[in-house]
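[1] Pasting the sequence and the predicted coordinates here, then a few questions.
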Amino acid sequence: MSCWAVIVAAGRGLRAGLGVNKVFYTAGGRTVLGRCLDAIQRSGCFDGAVVVLSKEDNARFAELQRTEGPFDVVKGTAPGGETRRDSVCNGLLALPEDTEVVAIHDAARPFVSKNIIDATLDSARAHGSGVISTPVVDTVKQIGADGRVISLDRSALRAVQTPQSFDYRRILKAHMQAREDRLDVTDDAMLFEHYYGDVRLVTTDDAGENVKLTTRQDFEMLEKTRMPDFRVGQGYDAHRLAQGRRLVLCGVQIEHDRGLDGHSDADVAVHALMDALLGALGLGDIGRHFPDSDPRYKGADSMKLLDTVMAMVTERGYRVGNADVTIVAQRPKLAGYMAQMRTNIAGGLGVDEDRVNVKATTTERMGFEGEELGISAQATVLIYQMTL
């Protein structure tokens, strides 16, 4: 069943008083929109997503894709409208015709979980609609036209959030009719209810964490409460030197009379780095993922294997903080290759070069490295993700 998301990011966020569209506000090194798209992409629930943007934010979004992405789930953008209803309608019109279920989500809710997304989509598939909601915990008063105050039974009240998921054709038809009728609504569930009379509310244990960032105080609290989830990994590898082999370290071919023996290109430095990354994720080692019994990896370029490991890192919402690689070899001298090694590793990790260190040392002719029987490498990495 074709499932898409419409991410509404075209507001101005005036109540936040930030001087910029609040979804482009940076907190803890990430924009609100970047965090939201990370959550949408990591969920694995969608065939694609369309981001609704105001015209003046197109350049900001292109920069966000470059610095925080790539967000492969995003297949396009749609222009914002005069109202939120118009913006959502533009987003719906930008989806493929074969879309069956759509989740409409405010970019200002960047902490949405896969659990919440699944709950709304499952309801939409079964009943035509699924709207995440939470019980009302405060006592609510209604003020009548004559000024009289009426206490409402909060046990029968729910506060609704996004995502709000629907049968695509029904919600698109409702939006098109609302545009013609000039119907003023505050969310898509209200519009669906107006034309179809039935909206299914769902809740989850973590719905309370799906907060919307609205006021300046919300953003100040974000800065105080969001802490990075740090993980550190350590890796080690060693290979024997052999005649008739190329010597490759950190993706750089080194002039030498022998190379490292192995099933792949035997780049010990990159192998140690991959093991460090896998260790930080709790995913074993390179032998598990790239076994030397698999002919696909015979002579493999280790830098390309690093790309595969980095995909595991980003899929789990982590980024590399920094990496430190040490190569242990008596010969050859590596000083002249260090700059290119550092550039290669930084590119493979998707970070600036000042977050990467590559160094070489000898063992004063002790051990197998000192006797020039082989070369070893060690690596340490720090990865992180932002959490509540």
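    Everything's here; your move.

[2] Tell me which stretches of the stretch 51-200 of the chain form strands.
    Counting by DSSP state E, counting those that start in this stretch, one finds strands in the stretch 51-200 of the chain at the ranges 74-79, 101-106, 129-135, 141-143, 149-151, 158-167.

[3] Can you say which of those strands is packed in most?
    The densest packing among the strands of the stretch 51-200 of the chain, expressed as mean neighbour count by mean count of other CB atoms under 10 Å, is seen in strand 101-106 with a mean of 26. All C-beta spots, glycine's among them, are computed from the backbone N, C-alpha and C.

[4] What residues does the closest residue to S155 other than its chain neighbours make contact with?
    Counting by CB to CB, 6 or more residues apart in numbering, S155 lies nearest to P135, which is 7.9 Å off, once chain neighbours are set aside. Residues touching P135, when contacts are defined by CB atoms under 8 Å, 6 or more residues apart in numbering, comprise 154-155, 157-159, 203.

[5] name the helices or strands packed onto whichever strand or helix holds V358?
    Assigned by DSSP states H and E, V358 belongs to strand 356-361. Secondary-structure packing of strand 356-361 (3 or more CB pairs under 8 Å, 6 or more residues apart in numbering; DSSP states H and E): strand 319-328, helix 338-349.

[6] how about a markdown table for those, with distance to Y384, mean neighbour count and mean pLDDT added?
    Listed next are the helices and strands packed on strand 356-361 as a markdown table, based on distance: least, CB to CB, whole Å; neighbours: other CB atoms under 10 Å; pLDDT from 0 to 100:
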| stretch | distance to Y384 | mean neighbour count | mean pLDDT |
| --- | --- | --- | --- |
| strand 319-328 | 5 | 20 | 96 |
| helix 338-349 | 13 | 19 | 97 |
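
[7] To I383, which of these lies closest?
    Distances from I383 to each of the helices and strands packed on strand 356-361 were compared using CB to CB; the shortest belongs to strand 319-328, at 5.6 Å.

[8] packing partners for the longest strand seen in the chain?
    The strand spanning the most residues in the chain, taking DSSP state E as the definition, is strand 227-242. Where contact means 3+ CB pairs under 8 Å, 6+ apart, strand 227-242 is packed against strand 259-260, helix 268-281, strand 374-387.

[9] Starting from the helix or strand just after it, tell me which strands it pairs with and how they run.
    Tracing the chain past strand 227-242, the next element assigned as helix or strand by DSSP H and E is strand 247-249. Here strand 247-249 has these sheet partners by DSSP bridges: strand 252-254 (antiparallel).

[10] Can you point out the buried residues in the strand it pairs with?
    Using 16 or more other CB atoms under 10 Å as the test for burial, strand 252-254 gives 252, 254.

[11] hang on, the earlier thing: how near is the residue nearest to S155 to R109?
    Using CB to CB, to the nearest Å, we find P135 at a distance of 18 Å from R109.

[12] How about A159?
    Distance from A159 to R109, by CB to CB: 13 Å.

[13] one step back: tabulate the strands of the stretch 51-200 of the chain in JSON lines, adding columns for mean pLDDT.
    Compiled in JSON lines, the strands of the stretch 51-200 of the chain are given as follows (pLDDT from 0 to 100):
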{"stretch": "strand 74-79", "mean pLDDT": "96"}
{"stretch": "strand 101-106", "mean pLDDT": "98"}
{"stretch": "strand 129-135", "mean pLDDT": "96"}
{"stretch": "strand 141-143", "mean pLDDT": "91"}
{"stretch": "strand 149-151", "mean pLDDT": "90"}
{"stretch": "strand 158-167", "mean pLDDT": "96"}
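
[14] Show me the one of the ones you listed that comes nearest V211.
    Counting by CB to CB, V211 lies closest to strand 158-167 out of the strands of the stretch 51-200 of the chain; the figure is 8.7 Å.

[15] so that closest one versus strand 129-135, what angle?
    170 degrees (axes from the mean of the first three to the mean of the last three CA atoms, to 10 degrees).

[16] which ones are touching the residue lying closest to V137 once chain neighbours are set aside?
    Nearest in space to V137, with sequence neighbours left out and distances taken as CB to CB, 6+ apart, is R154 at 7.4 Å. Taking CB under 8 Å, 6+ apart as the definition of contact, the neighbours of R154 are 135-140.

[17] which residues in the stretch 51-200 of the chain form helices?
    Along the stretch 51-200 of the chain, the segments classed as helices by DSSP state H, counting those that start in this stretch run 58-67, 84-93, 114-127, 168-181, 188-196.

[18] quick one, which of these is packed in tightest?
    The most buried stretch of the helices of the stretch 51-200 of the chain, if neighbours are counted by mean count of other CB under 10 Å, is helix 84-93, with a mean of 22.

[19] what angle separates that one from strand 158-167?
    Angular relation of helix 84-93 and strand 158-167 on a 0 to 180 degree scale: 30 degrees, by the same axes, to 10 degrees.

[20] residues making contact with helix 84-93?
    The set of residues external to helix 84-93 that reach it, using CB under 8 Å, 6+ apart, is 6-8, 10-11, 50, 52, 78-81, 102, 104, 168, 171-172, 175-176, 178-179, 183-186, 188, 191.

[21] ok, 6 Å please
    The contact list for helix 84-93 (CB atoms under 6 Å, 6 or more residues apart in numbering) reads 6, 8, 10, 50, 52, 78-81, 104, 172, 175, 179, 185.

[22] Among those, which one lies nearest to L249?
    Proximity of the contacts of helix 84-93 to L249 was ranked by CB to CB; the top entry is V50 with 44.0 Å.
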